[in-house]
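>>> Give me a 3D structure for the following:
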Amino acid sequence: MADMDKIGLYLNAGTILKNPGYLETLRRELGLNVAIIGFSGELPPEVLAASPYDGAPPSEERLRSLLCRHIDGAPSATRLDRVQNSAGPHMHIGGNDAELREAIQRAHDLDIEVWLLGGAWTANDFDVAMFCPSQEAVNGWYEAVYTHMARAYGVEGLDVTHARFPMTSYPRGMFICTCEACARAAAELGYDMEAMKADILDARERIAAYDGRQLAAIGQDALGAQDVLQLLGVRTGVFDWFRFRCDLLARNLRRFRDSVHAAGGEGFIFGADTYPASLAAFVGHNLNRWSEFSDFASPLVSHVDIFPMQTLAAWAGFLRGLQPALSEAEALRMVYRFVGYDRLGLPESVADFALGEPDCEYRNIPLADFVLLDLAKAALYLPEGIPSYPIIQGGGAPWVWPREIVDRIMAGAAEQGHRGVMLQGTQALVDFPLDA
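Below is the predicted model:
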């Protein structure tokens, strides 16, 4: 494998305990030196007391009061059942401390670092269930949970995932949250919520009113992000909106990092993964600021289907909904150009993405080029000196990438200056039948 500082793998405690020899095999064959283990321990009473819920599980009324709201005031979540059976945002009821501690010990016995994996505001992308990042009850809960993880298990780090707004394949998710708490947070950070909302609605009306055939004609040759903004006369509140969401998450994550460092002691690592660089600003991630609140960056490029591919399809559909005169191919080409994927020779129809099929990520798209483009952008955007460990597919979570593509991505990432990789699955890399 490429010469890298860290080779990590996302695991759960059960996988480690049910598969003796697995970690040893990965250390020998892949150079594994970091195990990122999903937190499955039992929270003590003093941490549970910080939960913003009114019970475990919470009432539907209380749960809805903690979730984000769309720009029109409607709750963001489409369903609640998959987040309702919890002790607090993104945290299970109960847990098994003994099993978690044994899994940690097995990794440590092999001189493998352990980072615990915690969740943040977007608890479920598909249900658009996001806990409001402006509510103190929510942020106080996350702070209590994270500091407990750092203090109680003798691990070396904490990796936080889903510290963002909902994935970009849900266009309406780019315009949450506009609740009263977010309006107050906006004012604290120097933004005007009502002005931003007005400018967002104005931009939507301008897109719908524009001559779609003229837009398509321009888009065949040179329509990029700047051209769109110039043509449509987008007002400053739209830019402020995305800046506000980045500033809000950065402020919260800096708070968590400071508390975790204090709890974990000298050398303890705190960090969060980053959304693919081409789309990061739309979920509240400003990669230029990552070192302000994170000790590392992990560009999340393993979910090519559900992040960029479904986003491209959804945005093209959203654009055609506003501009019915556009063909699907024209809308796709405009979206590709807007986010910087236009040189990759991507499909001219949504059907050719083959979304949801096991080989969809490489059947009709140049997977390695796609991933390496986003990793090149991440290497450019991230502050100098912050270590970057891209999250890539090693097999089985959910799809298996061909080994030659994985090897090419790893080699390319190393050439770009990334200092390691964090793997999701290992089926493409090692022959080890796992007992689930």
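>>> Averaged over its residues, which helix or strand of this structure has the lowest pLDDT?
For the chain, using mean pLDDT, DSSP states H and E, the weakest element among its helices and strands is helix 225-232, scoring a mean of 65.
>>> Quick one: name whatever helix or strand follows that helix.
Heading C-terminal from helix 225-232, the first helix or strand you meet, by DSSP states H and E, is helix 236-264.
>>> Remind me what that next one packs against, helices and strands.
helix 136-152, strand 157-161, helix 180-188, helix 193-209, strand 269-274 (3 or more CB pairs under 8 Å, 6 or more residues apart in numbering; DSSP states H and E). For every residue, glycine as well, the C-beta is placed using N, CA and C.
>>> Just put the ones you listed in CSV and tack on mean pLDDT and distance to Ile93.
Formatted as CSV, the entries for those read as follows, by pLDDT from 0 to 100; distance: least, CB to CB, whole Å:
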stretch, mean pLDDT, distance to Ile93
helix 136-152, 98, 14
strand 157-161, 98, 20
helix 180-188, 98, 26
helix 193-209, 91, 35
strand 269-274, 98, 25
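>>> now these as CSV including distance to Leu319?
CSV is the format used below for the helices and strands packed on helix 236-264 (distance: least, CB to CB, whole Å):
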stretch, distance to Leu319
helix 136-152, 33
strand 157-161, 30
helix 180-188, 27
helix 193-209, 8
strand 269-274, 26
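>>> Of these, which is nearest Glu61?
Among those, helix 136-152 comes nearest to Glu61, with 14.3 Å by CB to CB.
>>> how big is the angle separating that closest one from strand 157-161?
Counting by axes from the mean of the first three to the mean of the last three CA atoms, to 10 degrees, helix 136-152 points 150 degrees away from the direction of strand 157-161.
>>> and helix 136-152 with helix 180-188, angle?
With the same axes, to 10 degrees as the basis, helix 136-152 and helix 180-188 are set at 80 degrees to each other.
>>> In what element of secondary structure is Val400 found?
Taking DSSP H and E as the definition, Val400 sits outside all helices and strands.
>>> The helices and strands packed on helix 236-264 into CSV, with extra columns for mean neighbour count and distance to Ile306?
CSV is the format used below for the helices and strands packed on helix 236-264 (neighbours: other CB atoms under 10 Å; distance: least, CB to CB, whole Å):
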stretch, mean neighbour count, distance to Ile306
helix 136-152, 21, 24
strand 157-161, 24, 14
helix 180-188, 17, 26
helix 193-209, 16, 25
strand 269-274, 24, 14
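>>> Quick one: closest of those to Arg255.
Taking CB to CB, helix 136-152 is the member of the helices and strands packed on helix 236-264 nearest to Arg255, at 6.6 Å.
>>> CA atoms of the closest one as CSV?
Included here for helix 136-152 are C-alpha records, laid out as CSV according to Å, rounded to 0.1, in the frame of the first residue of the first chain:
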residue,chain,number,x,y,z
GLU,A,136,-28.0,25.1,23.5
ALA,A,137,-29.8,22.0,24.8
VAL,A,138,-28.5,20.0,21.7
ASN,A,139,-24.9,21.4,21.8
GLY,A,140,-24.6,20.9,25.6
TRP,A,141,-25.6,17.3,25.1
TYR,A,142,-23.0,16.7,22.4
GLU,A,143,-20.3,18.3,24.6
ALA,A,144,-21.2,16.1,27.5
VAL,A,145,-21.1,12.9,25.4
TYR,A,146,-17.9,13.8,23.7
THR,A,147,-16.0,14.7,26.8
HIS,A,148,-17.2,11.4,28.4
MET,A,149,-15.8,9.5,25.5
ALA,A,150,-12.5,11.3,25.7
ARG,A,151,-12.2,10.8,29.5
ALA,A,152,-13.5,7.3,30.2
